[in-house]
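Visitor: got a sequence here, can you model it:
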Amino acid sequence: MTEFSGPAEMETAAMRAYHNGRFDEAIQLFASAEVSLRSAGDKKKAAEMANNRSVALLQVHRPREALEAVEATPAVFEKHGDRLLTGQAYGNIAAAHEELGHLEQARDAYRTCADVLGSLGASEQQAVALQGLSRVQLRLGQPLPAVAAMEAGLDAHPSKGIRQRFLRRLLQIPRRLMGR
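Guide: Below is the predicted model:
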């Protein structure tokens, strides 16, 4: 393995590996950077590496490890006042729970993620979280809340392209049939 002068170089190499589809390499590099940063006392940056590692672990279908990597990070980001990273961490937690089949936990984490990101005006990321929430609600047999979450996701999405307009109209059909 290549020698690195510090965690910043490891992070750069990990991101390059991730973007080139070399997920196992990215996982190892993010883990090494995380350990190095933690030992240097940079808890926030170490938590960022844990989140990145979690995303890479999900790419190789290792959701249990992904959840273990990310579950403590929202508290770290909250402590440092970084609401955007807090919201993103909840999204990673939700994705790991969803892949594990822990649908109630995924639903709750997606809700928290969407709330945090929405409060920041991060509409594109909020839309993704609301779509995840909708998907989980459908799997839980909750079609009406799923439709509401999908509509909210479409409303939050900054792009109002033809696809979003079509989905919006399609989602209005059940409400019209129910007389709402």
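Visitor: flag every buried residue along the helix or strand that contains Glu151.
Guide: Under the assignment given by DSSP states H and E, the secondary-structure element containing Glu151 is helix 143-156. Within helix 143-156, the residues that qualify as buried by neighbour count (16 or more other Cβ atoms under 10 Å) are Ala146, Val147, Ala148, Ala149, Met150, Glu151, Ala152, Gly153, Leu154, Ala156. C-beta here means a position set from N, CA and C on the backbone, and glycine is covered the same way.
Visitor: helix or strand with the lowest mean pLDDT in the chain?
Guide: helix 162-177 (a mean of 55; mean pLDDT, DSSP states H and E).
Visitor: could you dump the helix holding Glu151 to CSV, C-alpha only?
Guide: Included here for helix 143-156 are C-alpha records, laid out as CSV according to Å, rounded to 0.1, in the frame of the first residue of the first chain:
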residue,chain,number,x,y,z
PRO,A,143,-49.4,3.9,1.4
LEU,A,144,-51.0,7.3,2.4
PRO,A,145,-48.1,8.5,4.4
ALA,A,146,-45.8,7.3,1.6
VAL,A,147,-47.7,9.4,-0.9
ALA,A,148,-47.5,12.4,1.4
ALA,A,149,-43.8,11.9,1.8
MET,A,150,-43.2,11.6,-1.9
GLU,A,151,-45.2,14.7,-2.6
ALA,A,152,-43.2,16.6,0.0
GLY,A,153,-40.0,15.3,-1.6
LEU,A,154,-41.2,16.5,-5.0
ASP,A,155,-42.1,19.9,-3.5
ALA,A,156,-38.7,20.1,-1.9
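Visitor: other SSEs contacting it?
Guide: Packed against helix 143-156 by the contact rule (3 or more Cβ pairs under 8 Å, 6 or more residues apart in numbering; DSSP states H and E) you find helix 123-139, helix 162-177.
Visitor: so the first one versus helix 143-156, what angle?
Guide: The reference is to helix 123-139. Interaxial angle, helix 123-139 versus helix 143-156 (axes from the mean of the first three to the mean of the last three Cα atoms, to 10 degrees): 170 degrees.
Visitor: now do helix 123-139: which elements does it pack against?
Guide: So helix 123-139, by 3+ Cβ pairs under 8 Å, 6+ apart, packs with helix 83-100, helix 103-120, helix 143-156.
Visitor: could I get those as a markdown table with mean pLDDT and distance to Ser39?
Guide: Written out in a markdown table, the entries for the helices and strands packed on helix 123-139 read as follows (pLDDT from 0 to 100; distance: least, Cβ to Cβ, whole Å):
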| stretch | mean pLDDT | distance to Ser39 |
| --- | --- | --- |
| helix 83-100 | 98 | 21 |
| helix 103-120 | 96 | 29 |
| helix 143-156 | 75 | 39 |
